[in-house]
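Visitor: Task: produce atomic coordinates for the following.
(one chain, ligands or ions: 1)
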Amino acid sequence: MDSDSVFASVVRAPEDPILGVTVAYNKDTSPNKLNLGVGAYRTEEGKPLVLNVVRKAEQHLVNDQSQIKEYLPIVGLADFNKLSAKLIFGADSPAIQQNRVTTVQCLSGTGSLRVGAEFLAKHYHQRTIYIPTPTWGNHPKIFNLAGLSVKTYRYYDPATRGLNFQGLLEDLGAAPSGAIVLLHACAHNPTGVDPTLEQWELIRQLMRSKGLLPFFDSAYQGFASGNLDADAQPVRTFVADGGECLAAQSYAKNMGLYGERVGALSIVCKTQDVASRVESQLKLVIRPMYSNPPIHGASIVATILKDSNMYNEWTVELKAMADRIISMRQQLYDALSAKGTPGDWSHIIKQIGMFTFTGLNSEQVAFMTKEYHIYMTSDGRISMAGLSSRTVPHLTDAIHAAVTRFD
Ligand code: LMR
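Guide: Here you go, the predicted structure:
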């Protein structure tokens, strides 16, 4: 009997709005089903991809008898941390040279954000974080649970399907001095809309003049443009001014290490001494949370980042993934144009990164799922990385039917 259980009063929670899409997709028996929900790269054949360079690094690790399975330090693998900071801030970053950066290995992007948020909730004087509207669905949950108070700033303009730059400046301009601001480093999720470098510069000036603290979420370095340095440029301009910031990095997408849960949190400080005290407190956040991070994924990343041949091989494979996504944008746009689907679809080729924010509403999405077995988040976001030349016509038919039926 249910009522005998001490947990009888537990209510069923809804599925996660993103990962729950995969749960529903897995239950669908249609041969035409298509998962454009979660942001996970697929090949032209619709298969998950393990990069060749990752296989190579793993082989190297297996053959290396000096590799052991001891606990890592609380802050993770030292090489991995150094190389991750270099990857995002640039090899010649003065902040790194002056030892003003502390980097800790965390459980991918989410874990890095959570550790950073817990640290801020405990040690930073301003407990309010501003996140863009819309943003990745997990952001508000991560920050709320860490004890920060979450407010929003305008970001996306549904009318132009582009950036609401004026709204963004007004909202950040009205934020209390010292507030934390979550910024997507590149390839904004879910909109695929990024500020231009000129707009980034204005955001930087405004934030620095008000003492707002930038917290970058960098989940797509290399995925937006296909170039690791270009995608890190906004972060680097904030670091170049000598100010402080936080950055959460994930290797899920750009190295395809989704399930390895490998990422890093860096905190750029004013001085080496502050950075080392900050690190000592990060250890106190991490130790009771998960003690220390896993070794395998970080070893793969460190192996690739420290070997120039493997690094180059990675950049080629990364660029191929980014290029395939860009070509999917063009193919979908061309197919909708050829079909004469009502509406302006140019945002599909203007937006960047893994996602297109289609503008389809939840009713249209539900229709596409029911009638066409196409799975996507209810906000109309589609993962371009889940699309292939073979499935573009099916998606085109579904979008066409959805917009002509419910306009
Ligand atoms: C996404 O937005 O689809 C990805 O970041 C995966 C996730 O964890 O939600």
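Visitor: Output the contacting helices and strands for the longest helix that the chain contains.
Guide: When the chain is parsed with DSSP state H, its longest helix is helix 308-339. With contacts defined as 3 or more CB pairs under 8 Å, 6 or more residues apart in numbering; DSSP states H and E, helix 308-339 has these neighbours: helix 52-63, helix 296-306, helix 347-350, helix 392-405. In short, each C-beta sits where N, CA and C put it, glycine included.
Visitor: In a markdown table, list these along with mean pLDDT.
Guide: Converted to a markdown table, those look like this (pLDDT from 0 to 100):
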| stretch | mean pLDDT |
| --- | --- |
| helix 52-63 | 98 |
| helix 296-306 | 98 |
| helix 347-350 | 95 |
| helix 392-405 | 97 |
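Visitor: Output the below-cut-off pLDDT ranges for this structure.
Guide: 1 (pLDDT under 70).
Visitor: Next to the ligand, which bits of it? Give me the list.
Guide: 18, 38-39, 136, 189 (CB under 6 Å from any ligand atom).
Visitor: Can you show me the helices along the stretch 101-250 of the chain?
Guide: 108-123, 138-145, 165-174, 197-210, 228-240 (DSSP state H, counting those that start in this stretch).
Visitor: deepest of those helices, which one?
Guide: helix 108-123 (a mean of 23; mean count of other CB atoms under 10 Å).
Visitor: That one relative to helix 296-306, how many degrees between them?
Guide: Here the directions of helix 108-123 and helix 296-306 differ by 100 degrees (axes from the mean of the first three to the mean of the last three CA atoms, to 10 degrees).
Visitor: Residues contacting helix 108-123, please?
Guide: With contact meaning CB atoms under 8 Å, 6 or more residues apart in numbering, helix 108-123 is reached by 104, 106, 127, 129, 138-139, 142-143, 145-148, 180, 213, 215, 217-219, 246, 248-252, 260-265, 267, 278, 281-282, 285-286, 289-290, 293.
Visitor: Alpha carbons of stretch 263-274, as CSV, please.
Guide: Only the C-alpha atoms of stretch 263-274 are listed here, as CSV (Å, rounded to 0.1, in the frame of the first residue of the first chain):
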residue,chain,number,x,y,z
GLY,A,263,34.4,21.8,-16.9
ALA,A,264,36.1,24.5,-14.9
LEU,A,265,35.3,27.6,-12.9
SER,A,266,37.8,30.4,-13.1
ILE,A,267,37.7,33.5,-10.9
VAL,A,268,39.8,36.4,-12.1
CYS,A,269,40.9,38.5,-9.1
LYS,A,270,42.8,41.7,-8.7
THR,A,271,45.8,40.2,-7.1
GLN,A,272,47.5,36.9,-6.6
ASP,A,273,46.9,37.0,-2.9
VAL,A,274,43.2,37.5,-3.3
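Visitor: got the buried residues for it?
Guide: For stretch 263-274, burial by neighbour count (16 or more other CB atoms under 10 Å) applies to 263-269.
Visitor: Can you tell me which of those residues is nearest the ligand?
Guide: Distances from the ligand to these, taken as CB to the nearest ligand atom, are shortest for Gly263 (11.6 Å).
Visitor: re the thing from before, give me the buried subset of the residues of the chain next to the ligand.
Guide: 18, 38-39, 136, 189.
Visitor: And stretch 17-27, what's buried?
Guide: Under the neighbour-count criterion of 16+ other CB under 10 Å, stretch 17-27 has 18, 21-22, 25 buried.
Visitor: circling back: next, format the residues of the chain next to the ligand as JSON lines and append distance to Ser225.
Guide: Shown next, in JSON lines, are those (distance: CB to CB, whole Å):
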{"residue": "Ile18", "distance to Ser225": "24"}
{"residue": "Val38", "distance to Ser225": "22"}
{"residue": "Gly39", "distance to Ser225": "17"}
{"residue": "Trp136", "distance to Ser225": "20"}
{"residue": "Asn189", "distance to Ser225": "16"}
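Visitor: give me the residue from the stretch 251-400 of the chain nearest the ligand.
Guide: Closest point on the stretch 251-400 of the chain to the ligand, by CB to the nearest ligand atom, is Ser383, at 6.5 Å.
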